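> Please work out how this folds:
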Amino acid sequence: MAGDSNRTVRLLCNPKQLNTKGSDPEVHFWLIGSPFFTPLTVASFLRRIHSDFNAESHDLLTLIPKGFEVIGTLASDAGAAVHSARALRGLLYGEGTDRPVIGAVRGSDSGDLRFFVSESGNAASLEPVTSVIEEQHPEKYVWENGCLLHCELPIKLPLYYALKNPTDVEKAYVQATDAVIAKLRDPQAVYMLETSNRISQDIPPPIIIRGVQLDFCTDLSKIKPLSDGVDVEGLDGSSLSCSYFSISNKAGSPVLSAENADSIQVSVLFSSLGSSSASTVPVAEYFPVQEEARLITVDIKLDVLCYSSRGLPLKYAVSSLIIPGLIDRLNIVKKLMLPNLLAEHPRLKSYHFSPPGILHPITVLYELSFGETEMKQVEVRRCLHSRLGLPYDRPLLRISNALDFSKLKSNDVVSLRKGSTLLRDVHIGIPSSGVTGGTVSLVQGSYEYFHYLQDGYNDSGWGCAYRSLQTIISWFRLQNYTSIDVPSHRCSMIWPNKPTQH
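The predicted model follows:
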């Protein structure tokens, strides 16, 4: 959506912190950008962890939200970097070799990165980049004119198969998936867009986008943004941009992170809301079977998060971001479900995170049949920490860390954002005791303070240990090591070895 490149690479992250040790000897990191940024703008570096490009493309297709994309590679050689970037883009986006990509190499002497650009698939035509800008306010660059789109779509797929040919169920599942994809693109499909913010008094009404209005052929980079301040009276949804839902922009509050960004909720309505040209009655079709058959139902909940500029027309937000995101998620789930259709289905659930040091949100698909502490899930998170460059000693990708869009759907968020009624971090500001030889011990993170006689319970003389336990568990909760509730005082009353006072 931006103009032609001036051969300047803009960095929104610090490449000096990248550690290439333990990476693939040829390809170290993938460079992530966005069609909504100026060309050759790098938002993040994601480590390559698989030697196989198919495995890498599967992981990155899940991890990177629509609105961000792979735009280059950091490798040991500029030619190899460009070749690898094009190969991965072909697997991810199915495109040719006509898009410019970045090849980055680390200098052997200074360790600084050198960048090259390839305009086409001819790796010999590498042009060195002479200007590299490190953005001073990267959060502002990403979120001042950006927003999020979120869509959840629960689906039930009934699958019939002949008992003597159980492998037919796989064919039935593929056909059912294809039918859902066709429905998403159907001219009769209806998409309702509304703000996820329920706090503001100035909430714009929902917008309806119909399938017949959608354009699936125009590339995102060629879509012209709509200007703000357009009079919306008399305009339909196809004439409005994402800025129509910019609550935070109207309120004048800064938007510097995914947690605080404007969020647009998209709902899919497969039944047409339009008037029918002819009266109809319900029809039940009967398909007799020639042999014994069985029915299984596959429950799927698609959950996608996309990034967009506020100037993107809403109809393109649906056709170029939401629908491709749903289709990708449907195909990813299909690949994971097919081997287990006749066994216990895996419990797959998408979670969206905004980990520290990563400007853009990420999406992770967890298999929760045995809980998030099961060893396979621990290894999944370890690999994610490695790819994202996150420390291994902090719980940054647990379920309790995920972005929670449900909190923005009602006025209850007001009380949630005000925080707990309990005191927090009461040690802060306490002057030194002055005790000779005393040792100062610092607390890392936050905790809630529980004490005697709290909430009207008389635990004088026996409650110290239980109040301390509540305080300790609150620390584990606030640091996201656990999502269990702090035991209530009533729980402590049923534990033995204390007077039965109230």
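> Would you map the helices across this structure?
Counting by DSSP state H, one finds helices in the chain at the ranges 53-63, 78-93, 138-143, 168-184, 247-251, 314-317, 323-337, 375-388, 412-418, 464-478, 489-494.
> Buried deepest among those, which one?
helix 314-317 (a mean of 25; mean count of other C-beta atoms under 10 Å). No exception for glycine: its C-beta is placed from N, CA and C like everyone else's.
> Extract the CA atoms of it and return them as CSV.
Output in CSV follows, covering the C-alpha atoms of helix 314-317 (Å, rounded to 0.1, in the frame of the first residue of the first chain):
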residue,chain,number,x,y,z
LEU,A,314,-13.6,-3.0,5.4
LYS,A,315,-14.5,-5.1,2.4
TYR,A,316,-10.8,-5.8,1.8
ALA,A,317,-10.3,-6.5,5.5
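> pLDDT on that helix, on average?
Mean per-residue pLDDT for helix 314-317: 94.
> Quick check: the gap between residue 213 and residue 315.
Remark: distance between residue 213 and residue 315 (C-beta to C-beta, to the nearest Å) = 5 Å.
> tell me, what's touching the two both at once?
237-238 (C-beta atoms under 8 Å, 6 or more residues apart in numbering).
> looking at the helices of the chain, which has the lowest confidence?
Among those, helix 412-418 carries the lowest mean pLDDT (a mean of 36).
> Report the contact partners of residue 372.
366, 398-399.
> Please pull out the lowest mean pLDDT helix or strand from this protein.
Ranking every helix and strand in the chain by mean pLDDT, DSSP states H and E puts helix 412-418 at the bottom, with a mean of 36.
> and which of the contacts of residue 372 is nearest residue 451?
residue 398 (28.7 Å; C-beta to C-beta).
> Quick check: pLDDT value at the nearest residue to the closest one once chain neighbours are set aside.
Using C-beta to C-beta, 6 or more residues apart in numbering and skipping the chain neighbours, the partner closest in space to residue 398 is residue 480 (5.3 Å). Residue 480 carries a pLDDT value of 73.
> so residue 480 touches residue 355, yeah?
No. Using C-beta atoms under 8 Å, residue 480 is not in contact with residue 355, being 11.3 Å away.
> any shared contact partners between these two?
Common neighbours of residue 480 and residue 355, counting by C-beta under 8 Å, 6+ apart, are 396, 401.
> Point out where the stretch 151-300 of the chain drops to low pLDDT.
Residues of the stretch 151-300 of the chain that meet the criterion pLDDT under 70 lie in 198-201, 228-236, 247-255, 271-280.
> For residue 268, give the beta-bridge partners.
When assigned by DSSP bridges, residue 268 has beta-bridge partners residue 191.
> Now for it, how many residues are close by?
20 (other C-beta atoms under 10 Å).
> and residue 29, how far is that from residue 349?
For residue 29 relative to residue 349 (C-beta to C-beta), the value is 28 Å.
> which of those two has more neighbours?
Taking other C-beta under 10 Å, residue 29 and residue 349 do not tie; residue 29 has more neighbours (25 against 15).
> Would you agree the more buried one is in contact with residue 73?
Yes. Between residue 29 and residue 73 there is a contact under C-beta under 8 Å: 7.1 Å.
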